[in-house]
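S.K.: predicted model, plus sequence, below.
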Amino acid sequence: MQMQRRNFLKLGAAMTLTLATERGWAQNAKAEVLWLGQASTRITTLSGKVIVIDPFFTNNPKTPAEWKNLDKLGKVDVILITHGHGDHVGTLGRTDGSSDAAELAKRTGAKVLGPAGLIQTMIDLGWVTGEQGIRFAKGGVVTPAGPQIKITQVRAEHSSEVTIVDPATKKSTSYIGGEPAGFIIEFENGFKLYHMGDTGLFGDMRLIGEYYKPDLVMMPIGGHFVMDPRDAAYATREMLKPRYVIPIHYGTFPVLRGTPQEYRQFLGQTTTQVFPINPGDVLKF
Ligand SMILES: [Zn+2]
């Protein structure tokens, strides 16, 4: 009887293991967030899907040297782009007519998703193929990394153009970049990461907080082009009310003056946990 019971237990353990393998992730698996400076982020989901947001590495002053080599990112399944500016598609500092987004897409074969107008421009410029580039818009939910990972495009209060410097003439030309956006990524276990993209404060952050209930927000705090620490604190405390915040989009250039310290001062007593991490740091949720 005891022997049988032991065998049953063994079988039970084996079945749990098989189920976890079949689902592609164990119940205790965690999502990994690697911040690489400015808005650039690499996310590894519970089942090992890799999502890169706003690839700006090669000329990003805050990206650690080892991460400036695009091959270091390894396999990438999906590239998400919030808007067309050079510090998000990675044209900044390049004079070869290309972008980090285009190079990463070519090397990895990843699907590239973002605001419809931006993706169309990327296709027109030959940065991504028509099959790779997937256009969608605010309110749209897509699942390019499999049905268990849902990506929703939401509003951002900003602008969007794609500017390219001609390698020969050094003259710059700007193309339509669609509407700027943020993304809410819901992982296999229901955990929601909200990458806000570049945005000023807007009232519908309250709606986003109430409706989507993000657990972790990657929030711009640098000011000038985006929210400053005071705005970001208001958005956190009064509207989004997330469990966790990673401050981003500060310190990369002199005009992005806001600091995580100021953000925390404006935030005061709160239930939100702030992670003032450095580019190259990894957090698991
Ligand atoms: Zn930006």
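M.R.: Noted; the coordinates are in hand. Numbering: from 1, shown residues only.
S.K.: which residues does Gly280 contact?
M.R.: Gly280 is in contact with 34-36, 63-64, 66-67, counting by CB atoms under 8 Å, 6 or more residues apart in numbering. (Each C-beta comes from the backbone N, C-alpha and C, glycine too.)
S.K.: Ala233 too?
M.R.: 263, 266-268.
S.K.: ok, now Met196?
M.R.: 156, 182, 217-220.
S.K.: contacts for stretch 112-126 next, please.
M.R.: Outside stretch 112-126, the residues that reach it (CB under 8 Å, 6+ apart) are 78-84, 89, 101-102, 105, 128-130, 132-138, 142, 144, 151, 153, 160, 162, 164, 175-181.
S.K.: end to end, how far does it reach?
M.R.: 13 Å (CA to CA, to the nearest Å).
S.K.: returning to what we had before: ok, and the most crowded of the contacts of Ala233?
M.R.: Highest neighbour count within those, by other CB atoms under 10 Å: Tyr263, with 24 neighbours.
S.K.: wait, is it part of a strand?
M.R.: No - assessed with DSSP: H, G, I helix; E, B strand; the rest coil, Tyr263 is helix; it does not lie in a strand.
S.K.: not counting its neighbours along the chain, what's nearest it?
M.R.: Excluding the flanking residues, the one nearest Tyr263 by CB to CB, 6 or more residues apart in numbering is Pro229, at 4.0 Å.
S.K.: for the residue nearest the centre of the chain, name its beta-bridge partners.
M.R.: The centre of the chain sits closest to Ile53, judged by CA atoms, centre = their mean, with a distance of 3.7 Å. Beta-bridge pairing for Ile53 (DSSP bridges): Thr41, Leu80.
S.K.: that one contacts Leu80, correct?
M.R.: Yes - using CB atoms under 8 Å, Ile53 makes contact with Leu80 at a distance of 4.7 Å.
S.K.: which neighbours do these two have in common?
M.R.: Listed as contacting both Ile53 and Leu80 by CB under 8 Å, 6+ apart are 183, 195.
S.K.: which element is the residue in the stretch 1-150 of the chain that the ion sits nearest to on?
M.R.: Here the stretch 1-150 of the chain gets closest to the ion at one residue, Asp87, 4.3 Å apart by CB to the ion. Under the criterion of DSSP states H and E, Asp87 resides in helix 86-89.
S.K.: CA atoms only: put that helix into PDB for me.
M.R.: Written as PDB, here are the backbone C-alpha positions of helix 86-89 (Å, rounded to 0.1, in the frame of the first residue of the first chain):
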ATOM      1  CA  GLY A  86      15.200  58.700 -33.000                       C
ATOM      2  CA  ASP A  87      15.500  57.700 -29.400                       C
ATOM      3  CA  HIS A  88      12.800  55.000 -29.900                       C
ATOM      4  CA  VAL A  89      13.400  53.600 -33.400                       C
END
